[in-house]
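Asks: got a predicted structure plus its sequence, pasted below:
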Amino acid sequence: MKAIWNKKIVASSDKTIVVEGNHYFPADSLNMHFFTNSDKHTTCPWKGAASYYDVEVDGEINPSAAWYYPEPKLAANNIAGYVAFWKGIQTTEG
């Protein structure tokens, strides 16, 4: 799987985990020079508190376009250390 935004591959892995239709990528599969920490935080009742990254490609910023659970609840422990995408970031096989 690849995560693509602005024609750049921001993450690539053959070990994603699908939860609620979202592909979660291992953190070490991210091209970290595209990512900066966001101030956004949300809470999922069964996964826990989510933190976000802004994604920047060629000077264009997609705010809070990637999220992860630093300390997921037990029910979501399988996605600890994984990152998912939204807000126009395409996840595709290949």
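Replies: Okay, I see it.
Asks: contacts and neighbour counts: CA atoms only from here.
Replies: Fine.
Asks: pull out the buried positions in stretch 74-83.
Replies: 79, 80, 81, 82, 83 (16 or more other Cα atoms under 10 Å).
Asks: what about those, which are in strands?
Replies: Among the buried residues of stretch 74-83, the members falling in strands (DSSP state E) are 82, 83.
Asks: out of the buried residues of stretch 74-83, who's nearest residue 45?
Replies: Nearest to residue 45 among the buried residues of stretch 74-83, counting by Cα to Cα, is residue 79 at 14.9 Å.
Asks: list the contacts of that closest one.
Replies: Residues near residue 79 by Cα atoms under 8 Å, 6 or more residues apart in numbering: 17, 24, 69, 72.
Asks: next one: the second one from residue 89, what distance?
Replies: Between residue 24 and residue 89 the distance, using Cα to Cα, to the nearest Å, works out to 13 Å.
Asks: let me see the ranges of the strands in the chain.
Replies: 2-5, 8-12, 17-19, 22-26, 35-44, 48-57, 60-68, 82-85, 90-92.
Asks: how about the second one: buried residues?
Replies: Of the residues in strand 8-12, those with enough neighbours to count as buried (16+ other Cα under 10 Å) are 9, 10, 11, 12.
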